[in-house]
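A.B. asks: Below is the sequence, then the predicted model.
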Amino acid sequence: MGAPVDIAIFNVEGDLDVRSVPATRRRLDALVAQGTRRIFMNMGDVSYVDSAGMGFILGELRRIRRMGGLLSLSNVSPQLYRALSLMRIVEFVPVSRAGARHEVAALDPSVLPRWRTTFRVGPDELSAARERLGELLSRLPLTGDALFDMGLACGEALGNAVDHTCADGVLATVAAYPDRVCVEVSDCGCGFELADGDEPPEAAPEDERGRGIRLMRMLADSVSITRKRTGEGTVVRLVKLLDSSGSSPEGAPPLAG
């Protein structure tokens with residue numbers, strides 16, 4: 001998890017059938033060839049997928065997984081979701097339905113973390129910080145896909161904090177609770193806040209930056225962006241629910257200053 005992973009939203013243009021699959025495959029393959037390893041396939045304009053389309057989705061998922069990446073489907077209509085379910089595609093590919101919003105219950109303030117650790121992230125230590133977060137997250141009962149996505153979301157938060165604020169004041173905190181893991185990335189910048197449900201400013205297609213918040217919301221189960229309670233700066237809080245079928249988190253890691 002040390003090297004950053006390119007993330008992209010791939011818009012499928014119309015239905016996925018035997019006639020459209022070859023062109024769609026060429027577009028997706030070009031994206032993968034550029035190094036993109038986390039792809040959200042936007043199915044908002046897709047109303048029909050035939051057997052060729054189903055095979056294309058499964059084939060691309062297997063190929064990207066072999067490269068250490070992940071493909072998922074987003075904005076899937078109810079009718080298309082039923083078809084994907086009948087073909088058992090949803091058993092292999094992460095799918096989010098159109099209009100669905102994953103609500104995470106607020107944490108009971110009386111519940112204490114099983115362990116918590118905080119460490120400083122220097123401006124030239126992003127790779128080491130991603131490695132450390134990956135090691136901490138790997139101690140928890142997260143599925144492989146959830147671990148991959150949470151690592152990417154944390155990488156986005158760390159990169160934004162170092163890039164847009166006073167890089168020397170970035171802190172990362174990981175707290176493991178019985179049902180979730182919370183990662184907070186704080187900085188000492190001018191402070192920024194975005195209410196739940198509010199959308200960040202739209203990035204132009206030619207812009208290289210400006211999509212981090214949207215991507216974090218797609219990768220984590222819950223994202224909050226608030227100003228610090230004391231002092232100047234922003235706190236980005238990422239939450240991922242733990243796999244209820246997994247084992248309990250390991251003992252607390254050693255605290256770091």
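C.D. replies: Structure's in. What do you need?
A.B. asks: pLDDT averaged over whichever helix or strand Glu135 is part of - what is it?
C.D. replies: Here Glu135 sits within helix 126-137, counting by DSSP states H and E. Helix 126-137 shows a mean pLDDT of 94.
A.B. asks: And the residue lying farthest from the centre of the chain, how far from Phe10?
C.D. replies: Distance from the C-alpha centroid of the chain peaks at Arg19, with 32.0 Å (Cα atoms, centre = their mean). Going from Arg19 to Phe10 by Cβ to Cβ, to the nearest Å gives 19 Å. Glycine gets a C-beta too; all of them are placed from N, C-alpha and C.
A.B. asks: What of Gly134?
C.D. replies: Gly134 sits 25 Å away from Phe10, going by Cβ to Cβ.
A.B. asks: Same question for Asp196.
C.D. replies: Per Cβ to Cβ, Asp196 is found 27 Å from Phe10.
A.B. asks: These two: which has the busier surroundings?
C.D. replies: Taking neighbours as other Cβ atoms under 10 Å, Asp196 and Phe10 compare with Phe10 leading, 18 against 11.
A.B. asks: Quick one: residues contacting that one.
C.D. replies: Counting by Cβ atoms under 8 Å, 6 or more residues apart in numbering, Phe10 makes contact with 27-28, 31, 39-42.
A.B. asks: By neighbours, which of those residues wins?
C.D. replies: Met41 (24 neighbours).
A.B. asks: moving C-terminal of the lengthiest helix in the chain, what's the next helix or strand?
C.D. replies: Counting residues, the longest helix found in the chain (DSSP state H) is helix 144-164. Sequence order places strand 170-176 as the next helix or strand after helix 144-164, per DSSP H and E.
A.B. asks: Next SSE downstream of that next one?
C.D. replies: strand 180-186.
A.B. asks: Tell me the strands beside that next one, with direction?
C.D. replies: In its sheet, strand 180-186 lies beside strand 170-176 (antiparallel), strand 234-241 (antiparallel), with partners assigned from DSSP bridges.
A.B. asks: what comes up buried for the helix or strand harbouring Arg65?
C.D. replies: Secondary structure assigned from DSSP H and E places Arg65 in helix 51-66. Residues 53-54, 56-58, 60-61, 64-65 are the ones in helix 51-66 that count as buried (16 or more other Cβ atoms under 10 Å).
A.B. asks: just the angle between the helix or strand following that helix and helix 144-164, please?
C.D. replies: Stepping forward along the backbone from helix 51-66, the first helix or strand reached (DSSP H and E) is strand 70-76. With axes from the mean of the first three to the mean of the last three Cα atoms, to 10 degrees applied, the angle from strand 70-76 to helix 144-164 works out at 90 degrees.
A.B. asks: Give the buried residues for strand 70-76.
C.D. replies: Residues of strand 70-76 classed as buried: 70-76 (neighbour count, 16+ other Cβ under 10 Å).
A.B. asks: which neighbours does it have in its sheet, and in what orientation?
C.D. replies: Sheet pairing for strand 70-76, using DSSP bridges, gives strand 36-42 (parallel), strand 95-97 (parallel).
A.B. asks: To Cys188, which of these lies closest?
C.D. replies: strand 36-42 (29.3 Å; Cβ to Cβ).
A.B. asks: what's the angle from the closest one to helix 51-66?
C.D. replies: 150 degrees.
A.B. asks: Now do strand 36-42: everything it contacts.
C.D. replies: With contact meaning Cβ under 8 Å, 6+ apart, strand 36-42 is reached by 5-12, 28, 31-32, 57, 64, 67-75, 148-149, 152, 218-219.
A.B. asks: Wait, Pro178 touches Leu112, no?
C.D. replies: No. Under the criterion of Cβ atoms under 8 Å, Pro178 makes no contact with Leu112, lying 9.7 Å away.
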